[in-house]
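[1] Provided below for reference: sequence and predicted model.
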Amino acid sequence: MNIIELKECKMINGTGDGTNQNDFLTVQTAEEVSRFFRTVEEYLPSSLVSLDNLAERLGIKKVYVKDESNRMGLNAFKVIGGLYGISKILCDELKVDLNEIDFDYLLSSDVHEKIKDFVFISATDGNHGKGIAWMAKKLGCKCVIYMPKNTVASRVEAIESLGGTVHVTDVNYDDTLRQVEKISNENNWYHVQDQAWDDYIEIPNWISEGYMLIAHEAREQMLEDGTTAPTHIMTQAGAGSFAFGIAGYFTDAYKENKPHMTILEPENAACYFESVRKGSYTTVSGDLETIMAGLSVGEPNTEAWKTLQSVTDAYITLPDYVSARGMRVLSSPLGDDQRIISGESGAANAVGLLSLLNCADGKKMRDALQLNEESVVLVFNTEGNTDPEGFENIIWGGHYPTPS
């Protein structure tokens, strides 16, 4: 398989036929998700930012950034999946249809009496745990979160501030997840994970359904801005649950003309890249060390893999400097473009890559991605500044410079 390289970034083309390999990630389901979220008091659509001056500099028509950094006050997108996943769990337990209730029903005293002893447990690099803790606090339930080694203190404190009990392990994310699975089974707790494997499928699929809300909002906002459809979508992937929801939605929305889709991964945790390169589901192991902590996952979501291998057109691995470069680009806007605060796992990786493609030696990869002056690129800023010390080191201190 041909690998295209650019300043330590590596790209391979997808091998799928472009068809959606599921029947639940649809525009119709996204509209049902949207209806439910509109009954949540704290819910507002996140911003879609058009960086027109950056697009002009990059030689493309549009760069849209769906900015989740202010989502429901949590500085990241994952509360969307966590809230929706737990709501579906509760509806299953209470024998009610989510499409026939509003969020206040789940907060009612009658429901609280039935669920007050529920304990929700999950593994997280940070953002998913915040979403679970927020929802558990809202419901008056207990939340227990396990985090992998080397988790920065600010991410632990963010979860604890929402009432979650946090344990930091001495192993990587994937092995932390195995610990959580064992503990949840031993205690009969509700395991709410944005990762699928073996027979653990339903809950992560619900979480991916929830993530479609972000895609649905973006599509409506682009239409309001006069853009019928994006030509390119770039999504970052850890386990792939978010990319699954986004890709599934847009594949259904644009059945006749699917946008070009690219998955971006840290070079040390590139499980989708390796799966495609080897021609079958593949995991990667080791410390999975990267500043893109939210993407430090070595095992693809098994359900996400089925669809993403079919609809993804390109897979690119990124060294850490690309994310740092993108953080600086977004923090230093051109002209009257809006400043965007991106964490290491946010839109920085896509924007950092796009800025590299504009260099003289980026033409081969740029052409392979079919980018030109008519391209409309949609990317997702899935987190803001979730590690203040690391953010300052990168923006002010120049850590992880672009190699010459």
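    Everything's here; your move. Numbering: from 1, shown residues only.

[2] pLDDT below threshold where in this protein?
    Low-confidence segments of the chain, defined by pLDDT under 70: none present.

[3] now residue 388. Nearest residue, chain neighbours left out?
    Distances taken as C-beta to C-beta, 6 or more residues apart in numbering place residue 154 nearest to residue 388, at 6.0 Å, with adjacent residues excluded. Every C-beta, even on glycine, is put in place using the N, C-alpha and C of the backbone.

[4] next, the one you found: secondary structure please.
    The three-state assignment at residue 154 reads helix, by DSSP: H, G, I helix; E, B strand; the rest coil.

[5] ok, residue 272 touching residue 301?
    No - counting by C-beta atoms under 8 Å, residue 272 does not reach residue 301; the two are 9.7 Å apart.

[6] on that earlier part again, how about the residue nearest to residue 388, what does it touch?
    Listed by C-beta atoms under 8 Å, 6 or more residues apart in numbering, the contact partners of residue 154 are 386, 387, 388, 389.

[7] count the residues that sit near the third one.
    Other residues near residue 388 come to 11 when the count uses other C-beta atoms under 10 Å.

[8] and for the second one?
    For residue 387, the count of nearby residues is 22 (other C-beta under 10 Å).

[9] burial of the residue nearest to residue 81 when sequence neighbours are not counted, as a residue count?
    For residue 81, ignoring the flanking residues on the chain, the nearest one in space by C-beta to C-beta, 6+ apart is residue 207 at 3.8 Å. Using other C-beta under 10 Å, residue 207 has 30 other residues around it.

[10] wait, isn't residue 207 in contact with residue 86?
    No - using C-beta under 8 Å, residue 207 makes no contact with residue 86, being 9.3 Å away.

[11] mutual contacts of these two, please.
    Each of residue 192 lies in contact with both residue 207 and residue 86 under the rule C-beta under 8 Å, 6+ apart.

[12] what's near enough to touch the nearest residue to residue 187 once chain neighbours are set aside?
    Spatial nearest neighbour of residue 187, excluding adjacent residues (C-beta to C-beta, 6+ apart): residue 119 at 7.0 Å. By C-beta under 8 Å, 6+ apart, the contact list for residue 119 reads 141, 142, 143, 144, 187, 189, 190.

[13] change it to 10 Å
    Shown in contact with residue 119 (C-beta atoms under 10 Å, 6 or more residues apart in numbering): 136, 141, 142, 143, 144, 165, 184, 187, 188, 189, 190, 191.

[14] of these, closest to residue 308?
    Comparing those against residue 308 with C-beta to C-beta picks out residue 191 as the nearest, at 23.0 Å.

[15] and the strands in the stretch 301-404 of the chain?
    Secondary structure of the stretch 301-404 of the chain (DSSP state E, counting those that start in this stretch): strands located at 314-318, 376-381.

[16] what's the domain layout of this protein?
    For the chain, automatic domain parsing gives the domain ranges 4-77+203-395, 79-199.

[17] out of the ones you listed, which is closest to residue 403?
    domain 4-77+203-395 (6.2 Å).

[18] for that closest one, measure first residue to last.
    The straight-line separation of the ends of domain 4-77+203-395 (C-alpha to C-alpha, to the nearest Å) is 29 Å.

[19] off-centre distance for it?
    Here domain 4-77+203-395 is found 7 Å from its chain centre; the criterion is C-alpha atoms, centre = their mean, to the nearest Å.

[20] and if you look at stretch 198-209?
    Taking C-alpha atoms, centre = their mean, the mean C-alpha location of stretch 198-209 is offset from the chain mean by 15 Å.

[21] tabulate the CA atom coordinates of that stretch in PDB.
    What follows is stretch 198-209, C-alpha atoms only, in PDB (Å, rounded to 0.1, in the frame of the first residue of the first chain):
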ATOM      1  CA  ASP A 198     -17.300  -8.100  21.600                       C
ATOM      2  CA  ASP A 199     -20.800  -8.000  23.100                       C
ATOM      3  CA  TYR A 200     -20.400  -4.400  24.500                       C
ATOM      4  CA  ILE A 201     -22.100  -2.600  21.600                       C
ATOM      5  CA  GLU A 202     -25.400  -1.000  22.400                       C
ATOM      6  CA  ILE A 203     -24.200   1.800  24.800                       C
ATOM      7  CA  PRO A 204     -21.300   3.000  22.600                       C
ATOM      8  CA  ASN A 205     -23.600   3.000  19.600                       C
ATOM      9  CA  TRP A 206     -26.000   5.200  21.600                       C
ATOM     10  CA  ILE A 207     -23.100   7.500  22.400                       C
ATOM     11  CA  SER A 208     -22.200   7.800  18.700                       C
ATOM     12  CA  GLU A 209     -25.900   8.500  17.900                       C
END
